[in-house]
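*Asks:* Whatever this is, show me its structure:
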Amino acid sequence: MTKFSIAQKSDCKRVVIKIGSALLRDNKTGKIRQKWLETVAEDIVTMRRAGQQVVLVSSGAIAMGQTALGFNTRPTRLEDAQAAAAIGQIKLAHAYETLFAPHETTVAQVLLTLYDLEDRARYLNGRNTLEALLEHGTLPIVNENDTVATQEIRFGDNDRLAARVAQLIKADALLILSDIKGLYTADPNIDDAAELISQVTEITPKIEAMAGPAAAGTLGSGGMFTKILAAKIATAAGCSLVISNGQIDNPIRRFWESQVGTVFTASVSPLAVRKQWLRGLMAPEGYLHIDAGAEKALRKDASLLPAGVTEVDGNFSRGDLVALINENGKAIGQGLVGYTAEQAHKMKGRRSDEAQAQLGFCGRSVIVHRDDLILF
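*Replies:* Numbering: from 1, shown residues only. So this is what the prediction gives:
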């Protein structure tokens, strides 16, 4: 089984740790679980002293701010949730600063939105900032910028945000502290025969089925389903992902000691950096439906030609992300499109040499270049 021991720094020099709102907030008081969080800080400080770099992805802004607005549960209106986040993020940042100050650890707040990681330039800017913070020995604490993110574009959960951060900084491991020990063969709450899976080397349809359906929400709102999606992003980027019990004190140390949890091992051959970025994008502006011949060609590392496109959906611009849909209606990949939606409509099903007649200019020979697409 893959080990992530503090003693094995060579295998785990850079680690992303994700903490969810359910672990942070005491439901009875509405406040942070201070004593528990102190034990998490102890674990992180121990890791840093051992020479490991750590980035903490922490949910909790909305949960910490909702009580101040008179809500006992997460607000359902987007504007109320954003207002709660504005209040809670200050509380959260102050809590972490106070928590790590006795350990002489400087913390830094990094707030991201989906579009910060969808745009190539902003993606690189975010990476450079995190690299600089780690270089200077600080502890970056990342959260989604819930104050400005909207329902339509937000990550919807911090599992995938954590995976994207791990991808961004080329982390060796992502540890997701959860309210469950890991991935089970069935729901352990209703099936006494459910068994904990200690290691996953390949995320197959069978593994996905064990996670159950997506939780309610635009992009999912946590649960095992989103952790599987996060594992796909992380492992493709060469980062192993761990799900372990976060409800106990010193949860990080105790995982490494007990090895109780689920480890999704990283891909043996990580994707190229650009391919990693393309795989992680989550907000397509449109859809290109393709025929069987085009799908076969794509799987042989070809580009997508106009002739292989049967239908065009969406209102996208050149350079936008589009999803590729096969004849069975399944999304088989995605990429950056070389035409606008209007131009793609005119060129669908046609040869590349017909561009002059259809568009009035010599267009690109491909709609999506092979260097700009990724297959799932």
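*Asks:* From here on, just use CA atoms for contacts and neighbour counts.
*Replies:* OK.
*Asks:* Show the pLDDT at the residue nearest the centre of the chain.
*Replies:* Centroid-nearest residue in the chain, with Cα atoms, centre = their mean: Arg160, separated by 2.2 Å. On the pLDDT scale, Arg160 is placed at 89.
*Asks:* Would you confirm that it belongs to a strand?
*Replies:* No - counting by DSSP: H, G, I helix; E, B strand; the rest coil, Arg160 is not found in a strand; it is helix.
*Asks:* Pretty sure it sits against Leu229.
*Replies:* Yes - at 6.9 Å, Arg160 and Leu229 qualify as touching, with contact defined as Cα atoms under 8 Å.
*Asks:* What confidence value was assigned to Leu373?
*Replies:* Predicted confidence (pLDDT) for Leu373: 94.
*Asks:* what's the burial count for it?
*Replies:* Close neighbours of Leu373, defined as other Cα atoms under 10 Å, add up to 26.
*Asks:* Could you pull up the residues touching it?
*Replies:* Lys275, Leu278, Gly333, Gln334, Gly335, Leu336 (Cα atoms under 8 Å, 6 or more residues apart in numbering).
*Asks:* which ones among those residues are found in helices?
*Replies:* Members of these lying in helices (criterion: DSSP state H): Lys275, Leu278.
*Asks:* all helices of the stretch 201-350 of the chain, in order?
*Replies:* 205-210, 223-236, 251-258, 273-280, 292-298, 341-347 (DSSP state H, counting those that start in this stretch).
*Asks:* most packed of these?
*Replies:* helix 223-236 (a mean of 24; mean count of other Cα atoms under 10 Å).
*Asks:* Assign a three-state SS to the closest residue to Pro75 other than its chain neighbours, would you?
*Replies:* Nearest residue to Pro75, sequence neighbours excluded (Cα to Cα, 6 or more residues apart in numbering): Ala81, at 5.3 Å. On the three-state scheme (three-state DSSP), Ala81 is labelled helix.
*Asks:* ok, now how distant is Ala81 from Arg33?
*Replies:* As for Ala81, its distance to Arg33 is 21 Å (criterion: Cα to Cα, to the nearest Å).
*Asks:* of these two, who's got more company?
*Replies:* The neighbour comparison of Ala81 against Arg33 (other Cα under 10 Å) goes to Ala81, with 22 against 14.
*Asks:* Let's see the pLDDT reported for that one.
*Replies:* Value listed for Ala81 in the pLDDT field: 86.
*Asks:* before we move on, what about Gly70?
*Replies:* In this model, Gly70 is scored at 89, pLDDT.
*Asks:* do the one 4 residues further on as well
*Replies:* Here, the pLDDT recorded for Arg74 equals 84.
*Asks:* can I assume it is in contact with Ala61?
*Replies:* No - Arg74 lies out of contact with Ala61 (Cα under 8 Å); the separation is 10.7 Å.
*Asks:* Look up how far Ile252 lies from the residue nearest to Pro75.
*Replies:* Ala81 sits 30 Å away from Ile252, taking Cα to Cα as the criterion.
*Asks:* can you check Asn27 too?
*Replies:* 22 Å.
*Asks:* same question, Met64
*Replies:* Per Cα to Cα, Met64 is found 23 Å from Ile252.
*Asks:* Which residue is the nearest non-sequential neighbour of Phe255?
*Replies:* Residue nearest to Phe255 in three dimensions, not counting chain neighbours: Ser244, with 6.7 Å by Cα to Cα, 6+ apart.
*Asks:* Please work out how many residues are found near Asn189.
*Replies:* By other Cα under 10 Å, 7 other residues sit near Asn189.
*Asks:* is it true that it lies in a strand?
*Replies:* No - assessed with three-state DSSP, Asn189 is coil; it does not lie in a strand.
*Asks:* does the nearest residue to Asp353 once chain neighbours are set aside count as helix, strand or coil?
*Replies:* Distances taken as Cα to Cα, 6+ apart put Ser365 closest to Asp353, at 7.6 Å, once the chain neighbours are dropped. Using three-state DSSP, the secondary structure recorded for Ser365 is coil.
*Asks:* Thought Glu354 was touching Ser365, still the case?
*Replies:* No - contact criterion Cα under 8 Å: Ser365 and Glu354 do not qualify, at 9.8 Å.
*Asks:* So what does Ile176 look like in phi/psi?
*Replies:* When read as degrees, to the nearest 10, the backbone of Ile176 gives phi -100, psi 110.
*Asks:* which residues touch it?
*Replies:* Ile17, Lys18, Ile19, Asp159, Leu241, Val242, Ile243, Ser244.
*Asks:* Among those residues, pick out the one closest to Thr201, please.
*Replies:* Comparing the contacts of Ile176 against Thr201 with Cα to Cα places Leu241 closest, at 10.8 Å.
*Asks:* for the closest one, what are its contacts?
*Replies:* Ala173, Leu174, Leu175, Ile176, Ala231, Ala234, Thr235, Val263, Phe264, Thr265, Ala266.
*Asks:* how many neighbours does the residue nearest to Val200 when sequence neighbours are not counted have?
*Replies:* Nearest residue to Val200, sequence neighbours excluded (Cα to Cα, 6+ apart): Phe264, at 4.7 Å. Using other Cα under 10 Å, Phe264 has 25 other residues around it.
*Asks:* ok now stretch 62-74, how far from the chain's centre?
*Replies:* Centroid separation for stretch 62-74 versus its chain: 25 Å, with Cα atoms, centre = their mean, to the nearest Å.
*Asks:* ugh, wrong one, stretch 118-138
*Replies:* On the basis of Cα atoms, centre = their mean, stretch 118-138 sits 16 Å off its chain's mean C-alpha point.
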